[in-house]
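**Q** The amino acid sequence is not available; the structure is as follows:
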């Protein structure tokens, strides 16, 4: 499993991914699931991946090779829009599926999915989720965040507190709290967390941090949130008793 | 789907259930999923149910008829312990499965599961979860709550804030916040919520309330929690920037 989240805000984008991969509980490891393609002043493209690691690495490998090849091949460096970029990811996924799908065990075929966030000059920042079938959806102000992997534990905090006018820093906190909720309940999601705050129209991906277990901010955030939540719940009125007025 | 939760505290038990049942999104209804068997001074047994409604009603029906029959038949009124009571539920589930299982569509066989909480004189309060196969587990101080149905959205708030020494009223609030998180994200979980606070050694199930959409307390709880959570998150430090000290 995996947990990745992308958030689309008026002020930019948040992209965050965990690092745990596993094949059974007795074989787990850390891999970075965030890939950044940046050309200052022109584009920032960020891919978060979930699913079989061989599949996601193959898709990233194809995208990277095609981008590096230059020339007339459509690629992450030449796409005219984020929509076209999502199409390139979809094409690469289908290429991997065509090559490997028949060789993979029944029911465990190619199953990668991606979040694509970023900005290409001439467009506002955009955020997409590409399903395993290669089709995709785009975030909107009514649905400002997209998740892949283990999505449920980390959803309530985002549902409650996130709106498009949330600031990048506030949304970054919410994303980390969403990861904390997920990591507490699902062993197959784990640190480190890669967290990118992308400021709209900056065309730079330089505010990227990696949070490890021993990170002091992470520990303080969890502790302050836990303590604050307990105090908040304590401050709420208890439910009326059956013999009280409801 | 369904959401039910049972919480075992030093001071007693919380038992809560939603009321939505459905067969597809175009056919949904309200049914009470909480059944209380009470004999003042001797026992309080509470069953929360999840799964196919015909199956759960059949199990409750069998248990109720056997209890009403009196005589030597082992029943909810004669069981010597909560463990024995869980066995009676298991037996009733297998009886229903034996009768109906072969007639139900492939993959949609008998699939009910239950939470059993309560107290029989001579024992402390106990809490069990009975799986669809009829086997069961018991809650303990290290795992003080049990959930059935749509369990994920409502788990983080319980994980963060609940301990065995939480009071009944505090735990009742947490249970309702757990329901709110679930109801926001899963259309197949819905109001009204039945909420029982059982005080240890009281052998009475009289503090049972039903919360409907228009319930003033429910609306104020959600509003106060939402506002408080936003203020709490705003009070937390933002993550350090990439060029700051992490």
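**A** Noted; the coordinates are in hand. The model shown is predicted, which means the values in this text are computed figures rather than measured ones.
**Q** from what I can see residue A:156 touches residue B:158, true?
**A** No: using CB atoms under 8 Å, residue A:156 is not in contact with residue B:158, being 11.6 Å away. For the C-beta atoms, the positions are set from N, CA and C on the backbone; glycine is no exception.
**Q** For the two, indicate the residue with more neighbours.
**A** Under the criterion of other CB atoms under 10 Å in any protein chain shown, the comparison of residue A:156 against residue B:158 puts residue A:156 first, with 25 against 21.
**Q** any idea how far the more buried one is from chain B?
**A** 4 Å (CB to the nearest CB, to the nearest Å).
**Q** How about residue A:54?
**A** 28 Å.
**Q** Now that residue. Nearest residue, chain neighbours left out?
**A** residue A:100 (7.6 Å; CB to CB, 6 or more residues apart in numbering or on different chains).
**Q** before we move on, what about residue A:29?
**A** Per CB to CB, 6+ apart, closest to residue A:29 is residue A:21, 5.4 Å.
**Q** That neighbour against residue A:28, yeah?
**A** Yes: contact between residue A:21 and residue A:28 holds when scored by CB under 8 Å: they sit 6.6 Å apart.
**Q** With neighbour numbers in mind, choose between the two.
**A** Neighbours were tallied for residue A:21 and for residue A:28 using other CB under 10 Å; the higher tally belongs to residue A:21 (19 against 13).
**Q** Which pLDDT does the model give that one?
**A** You'll see residue A:21 listed with a pLDDT of 92.
**Q** State the three-state secondary structure for it.
**A** strand (DSSP: H, G, I helix; E, B strand; the rest coil).
**Q** again, but for residue A:194
**A** strand.
**Q** what's the burial count for it?
**A** Residue A:194 - counted by other CB under 10 Å - has 21 other residues nearby.
**Q** how close does it sit to residue A:46?
**A** 10 Å (CB to CB, to the nearest Å).
**Q** and for those two, which residues touch both?
**A** Residues touching both residue A:194 and residue A:46 by CB atoms under 8 Å, 6 or more residues apart in numbering or on different chains: residue A:34.
**Q** Spell out whether the helix or strand that contains residue A:38 and chain B are in contact.
**A** Using DSSP states H and E, residue A:38 falls within strand A:34-39. No: Strand A:34-39 stays clear of chain B (CB under 8 Å from any CB of the partner chain), getting no nearer than 12.1 Å.
**Q** What is the helix or strand just after that strand packed up against?
**A** Per DSSP H and E, the first helix or strand lying C-terminal to strand A:34-39 is strand A:43-50. Under the contact criterion of 3 or more CB pairs under 8 Å, 6 or more residues apart in numbering or on different chains; DSSP states H and E, strand A:43-50 touches strand A:3-9, strand A:12-17, strand A:34-39, helix A:53-69, helix A:82-100, strand A:113-120, strand A:145-149, strand A:193-199.
**Q** helices and strands around the shortest one, which ones?
**A** Of the remaining helices and strands, those touching strand A:145-149 by 3+ CB pairs under 8 Å, 6+ apart are strand A:3-9, strand A:43-50, strand A:113-120, strand A:126-130.
**Q** What average pLDDT does the last one get?
**A** Model confidence over strand A:126-130 averages 98 on the pLDDT scale.
**Q** what's the answer for the second one, then?
**A** On average, the pLDDT along strand A:43-50 is 98.
**Q** Partner strands of it, with direction?
**A** Looking at strand A:43-50 with DSSP bridges, its partner strands are strand A:34-39 (antiparallel), strand A:113-120 (antiparallel).
**Q** what do you get for the shortest one?
**A** When pairing is defined by DSSP bridges, strand A:126-130 lines up against strand A:113-120 (antiparallel), strand A:136-138 (antiparallel).
**Q** The first one now?
**A** The partner list of strand A:3-9 in its sheet, established with DSSP bridges, is strand A:12-17 (antiparallel), strand A:145-149 (antiparallel).
**Q** show me where pLDDT drops low in chain A?
**A** A:107, A:244-246 (pLDDT under 70).
**Q** ok, 80 please
**A** A:105-109, A:243-246 (pLDDT under 80).
**Q** residues contacting residue A:194?
**A** A:16-17, A:19, A:32-34, A:208-210.
**Q** let me fix that: residue A:149
**A** Per CB under 8 Å, 6+ apart, neighbours of residue A:149: A:1-4, A:18, A:50, A:189.
**Q** So which of the residues you listed wins on neighbours?
**A** Counting by other CB under 10 Å, top hit in the contacts of residue A:149: residue A:18 with 30 neighbours.
**Q** my read: it touches residue A:190, true?
**A** Yes: if you go by CB under 8 Å, residue A:18 and residue A:190 touch, sitting 5.9 Å apart.
**Q** overlap in contacts of those two?
**A** residue A:183.
**Q** just how off-centre is stretch A:200-219 within its chain?
**A** Remark: stretch A:200-219 is offset 14 Å from the chain centroid, using CA atoms, centre = their mean, to the nearest Å.
**Q** Buried residues of it, list them for me.
**A** A:202-203, A:205-209, A:211, A:215, A:217-218 (16 or more other CB atoms under 10 Å in any protein chain shown).
**Q** filter those down to the ones near chain B?
**A** Within the buried residues of stretch A:200-219, those near chain B by CB under 8 Å from any CB are A:206-209, A:211, A:215, A:217.
**Q** Using CSV, lay out those residues together with secondary structure.
**A** Output for these, formatted as CSV (three-state DSSP):
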residue, secondary structure
A:206, coil
A:207, coil
A:208, strand
A:209, strand
A:211, strand
A:215, coil
A:217, helix
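**Q** Which single one of these is nearest to residue B:179?
**A** residue A:211 (31.3 Å; CB to CB).
**Q** Tell me how many other residues crowd the residue nearest to that closest one when sequence neighbours are not counted.
**A** Nearest residue to residue A:211, sequence neighbours excluded (CB to CB, 6+ apart): residue A:193, at 4.5 Å. Neighbourhood size, residue A:193 [other CB under 10 Å]: 25.
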